[in-house]
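1. With the input below, show me the fold.
(one chain, ligands or ions: 1)
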Amino acid sequence: MAGAEWKSLEECLEKHLPLPDLQEVKRVLYGKELRTGRKRTGFYSPGLSLWPSQPSSPEPGLSSGCLAGSLSPTRAPSRKLDLPREAFEAASREDFELQGYAFEAAEEQLRRPRIVHVGLVQNRIPLPANAPVAEQVSALHRRIKAIVEVAAMCGVNIICFQEAWTMPFAFCTREKLPWTEFAESAEDGPTTRFCQKLAKNHDMVVVSPILERDSEHGDVLWNTAVVISNSGAVLGKTRKNHIPRVGDFNESTYYMEGNLGHPVFQTQFGRIAVNICYGRHHPLNWLMYSINGAEIIFNPSATIGALSESLWPIEARNAAIANHCFTCAINRVGTEHFPNEFTSGDGKKAHQDFGYFYGSSYVAAPDSSRTPGLSRSRDGLLVAKLDLNLCQQVNDVWNFKMTGRYEMYARELAEAVKSNYSPTIVKE
Ligand SMILES: NC(=O)NCCC(=O)O
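-> Residues are numbered from 1 along each chain as shown. Reported below is the predicted structural model:
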């Protein structure tokens, strides 16, 4: 662990990064740049920039090494995972990125390690959004099949695809056809049947986020993740609880807020839950999956750079810390162009694309460690080896569940949602 000789993260980045890279790193790490008020860095005061406009040189006599750290038993960074050569060869042939990392937990006397390999898939849409619907779906099935085969070579036990993975993210258009034609039955639609085969063939739990059409209940559409057991049986489904009303994410035009609560799925490899995209901004949403016993919470997403890139590295990681569980954040890749122009209701010109989906999928652990992200620009498979014992180990150290005071919050929230509630504000 570094002492005072390692001055600051900011100074290290400034010293070692070329200016264009530094600007991008600042954008992702700190959000928008604050007004520049002083030239040196090293401390923050409101309204002033954390960053000088040019990289500065370190003060003489101070070391500026970029990493000095020892591993603590409760916070070991994920390390690279050895994956089979054939898997890398296949990934390269199929033109997608493959990365693997392992998280470790301390050895226990009474419990054996509870090892599970998860796979996170991020991808572009392979065909343009104006190709026939059936061709787009088939092309996506083919693409995902190729990636799942590599995941199988890597020993993946549970795989999760990106939000609404069988379609372009067309909700920005507000048009119904052809986009509603991508909706399928969660129980026996073509995509679920396709995933059942994958699950059975590869002995892998498959989390398949789709646009669901529930024809048993008035043909209502939902944003749903179907969870398919490694036996090939449909274990169940879960629905997106929070629908964005931000920017071009006009999703409430298409489907309703989920009505299935916070189910957790007991799989052979551990207890999992799915918090779909915009749900990651809602700490109570993560909390309820965790209270129901989730050890791994997947967050299949579709989100764009201008809107959320500075939120991305924080939210799922914070949820893993706050809830003593693993979280898996997955985002799609690329720019999707739509046949007709639409406006964003912001006075700006009509346009035909949503913005840039920046990938960057990652896994975060309860001890605050995380994997690096997949790239911003390529399809990819991230394999992470988890020891689920880490969840309880961190819980026993930090005790957030024990100190959570849920009863107090339940009481206060129950009051706060009443129409006659008046907030407690103490005034002079
Ligand atoms: N798909 C979705 O909910 N996107 C909303 C934007 C975001 O949450 O970053």
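2. How many residues are close by residue 348?
-> 8 (other Cβ atoms under 10 Å). The way it works is simple: take the backbone N, C-alpha and C, and place the C-beta from them, glycine included.
3. Does the particular helix or strand that has residue 121 in it reach the ligand?
-> Secondary structure assignment for residue 121, by DSSP states H and E: strand 115-122. No. Strand 115-122 lies out of reach of the ligand by Cβ under 6 Å from any ligand atom, never closer than 13.7 Å.
4. Could I get the buried residue list for that strand?
-> 115, 116, 117, 118, 119, 120, 121, 122 (16 or more other Cβ atoms under 10 Å).
5. got CSV for those residues, with pLDDT and distance to residue 25 too?
-> Output for those, formatted as CSV (pLDDT from 0 to 100; distance: Cβ to Cβ, whole Å):
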residue, pLDDT, distance to residue 25
115, 98, 33
116, 98, 32
117, 98, 30
118, 98, 27
119, 98, 28
120, 98, 23
121, 99, 26
122, 98, 21
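6. Tell me which strands the strand holding residue 121 pairs with, and in which orientation.
-> Applying DSSP bridges, strand 115-122 is found paired with strand 158-160 (parallel), strand 380-387 (antiparallel).
7. Over to the residue nearest to residue 265 when sequence neighbours are not counted. Which of the three states is it?
-> Counting by Cβ to Cβ, 6 or more residues apart in numbering, residue 227 is the residue found nearest to residue 265 once chain neighbours are left out, at 4.8 Å. Classification of residue 227 by DSSP: H, G, I helix; E, B strand; the rest coil places it in strand.
8. Just want to check the distance between residue 227 and the ligand.
-> Separation of residue 227 from the ligand (Cβ to the nearest ligand atom, to the nearest Å): 19 Å.
9. just residue 399 next, same as before
-> Taken as Cβ to the nearest ligand atom, the span from residue 399 to the ligand is 30 Å.
10. what about that residue, neighbour count?
-> Neighbour tally, residue 399, other Cβ under 10 Å: 11.
11. now the biggest helix by length in the chain against strand 380-387, angle please.
-> Among the segments of the chain that qualify as a helix by DSSP state H, the longest is helix 133-153. Calculated by axes from the mean of the first three to the mean of the last three Cα atoms, to 10 degrees, helix 133-153 forms an angle of 40 degrees with strand 380-387.
12. Show me what helix 133-153 is packed against.
-> If you count contacts as 3 or more Cβ pairs under 8 Å, 6 or more residues apart in numbering; DSSP states H and E, helix 133-153 packs onto helix 85-93, strand 115-122, helix 190-202, strand 380-387.
13. quick check, distance from that helix to the centre of its chain.
-> Centroid separation for helix 133-153 versus its chain: 20 Å, with Cα atoms, centre = their mean, to the nearest Å.
14. and stretch 288-299, C-alpha only, in CSV?
-> Extracted C-alpha coordinates of stretch 288-299, given in CSV (Å, rounded to 0.1, in the frame of the first residue of the first chain):
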residue,chain,number,x,y,z
MET,A,288,-34.4,-5.9,-2.9
TYR,A,289,-32.7,-8.5,-5.1
SER,A,290,-30.0,-8.7,-2.5
ILE,A,291,-32.5,-9.0,0.4
ASN,A,292,-34.1,-11.9,-1.5
GLY,A,293,-30.7,-13.6,-1.5
ALA,A,294,-29.0,-12.8,-4.8
GLU,A,295,-25.3,-13.5,-4.9
ILE,A,296,-24.8,-12.4,-8.5
ILE,A,297,-26.9,-9.6,-10.0
PHE,A,298,-26.7,-9.2,-13.8
ASN,A,299,-27.4,-5.7,-15.2
